[in-house]
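Visitor: kindly generate the corresponding structure for this input.
(2 chains)
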Amino acid sequence: MTTVSIRLYAGLQGLIGARDISMELPPGATVGTLRERLGELYPAVLAFLPTLVCAVDEEYVPPEHVLRDGDHVALIPPVSGGCACS
Amino acid sequence: MFVITEQPLDPAPLVESVRRDESGAVALFYGMVRNENMGRAVRYLEYDAYPEMALKKMREVADEVRAKFDVTGVGVMHRTGRLEIGETSLLVAVSSAHRAASFEACHYAVDRIKQIVPVWKKEVWEDGEEWIEGHVPEIPGTASP
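Guide: Model prediction:
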């Protein structure tokens, strides 16, 4: 199994009710696999999935990125730093 | 200088960090907490961040700025946690030999920070609150800035 730890930010943390969760995935699982599993385990997240980007090793990665055992994955909702000055 | 902190932001060390003897100008941008957004009165803001990655992405923005503009230094500070109306959430400083480059580069840097740096703001109103969804960051290799 591939076990990854997942960190949640902003609204997702409140939605799932934790800053960190861990997930067991089949060997060879990709970020896309993780996203599907996330939606199954936490249906409240489904509405956020289309705009959610994952980061591994502090870099944004595409759905086809293969996860390794022990990876730390960050779930990144659309970013909104800085001022509300657009 | 690239900083993510819960403490109030002080522009003086940031300006000094970007100044070189070759610099003739420094453009300094303050992003501040405004008392309203989209017609709703804002009580305060709360910022969340992925600090390690935010610092990495700030440095990437600075690399882009140095590649596109004739600048002598770039620095960014972002505050997290609860910020009251009038407080500063973001400071961007850019130095250059001549002023046009610092103005343009500072504008570009602020835009890019809002697009790719993993920081989020929550607006708290009298009757509710909401995490603001801004920009979906591009994934390197799949789109070019």
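
Visitor: only C-alpha atoms from now on, for both contacts and neighbour counts.
Guide: Will do.

Visitor: how many neighbours does B:Gly86 have?
Guide: Residues lying near B:Gly86 (other C-alpha atoms under 10 Å in any protein chain shown) number 12.

Visitor: who are the contact partners of it?
Guide: Residues near B:Gly86 by C-alpha atoms under 8 Å, 6 or more residues apart in numbering or on different chains: B:32-35.

Visitor: can you list the residues you listed in CSV and add neighbour count, pLDDT and secondary structure?
Guide: Shown next, in CSV, are the contacts of B:Gly86 (neighbours: other C-alpha atoms under 10 Å in any protein chain shown; pLDDT from 0 to 100; DSSP: H, G, I helix; E, B strand; the rest coil):
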residue, neighbour count, pLDDT, secondary structure
B:Met32, 19, 97, strand
B:Val33, 24, 97, coil
B:Arg34, 19, 95, coil
B:Asn35, 16, 95, coil
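
Visitor: what's the burial count for the nearest residue to B:Val71 once chain neighbours are set aside?
Guide: The shortest distance from B:Val71 to any non-neighbouring residue, by C-alpha to C-alpha, 6 or more residues apart in numbering or on different chains, is to B:Ser96 (4.2 Å). Residues near B:Ser96, counting by other C-alpha under 10 Å, number 25.

Visitor: now the phi/psi pair for B:Ser96, please.
Guide: phi -160, psi 170 (degrees, to the nearest 10).

Visitor: tell me what it is bridged to.
Guide: Listed by DSSP bridges, the beta-bridge partners for B:Ser96 are B:Ala25, B:Val71.

Visitor: run through who's touching the helix or strand of chain B with the lowest mean pLDDT.
Guide: The least trusted helix or strand in chain B, going by mean pLDDT, DSSP states H and E, turns out to be strand B:36-37, with a mean of 92. Contact partners of strand B:36-37, identified using C-alpha under 8 Å, 6+ apart, comprise A:84, B:42.

Visitor: how far out from the middle of the chain is it?
Guide: Centre-to-centre, strand B:36-37 and its host chain are 19 Å apart (C-alpha atoms, centre = their mean, to the nearest Å).
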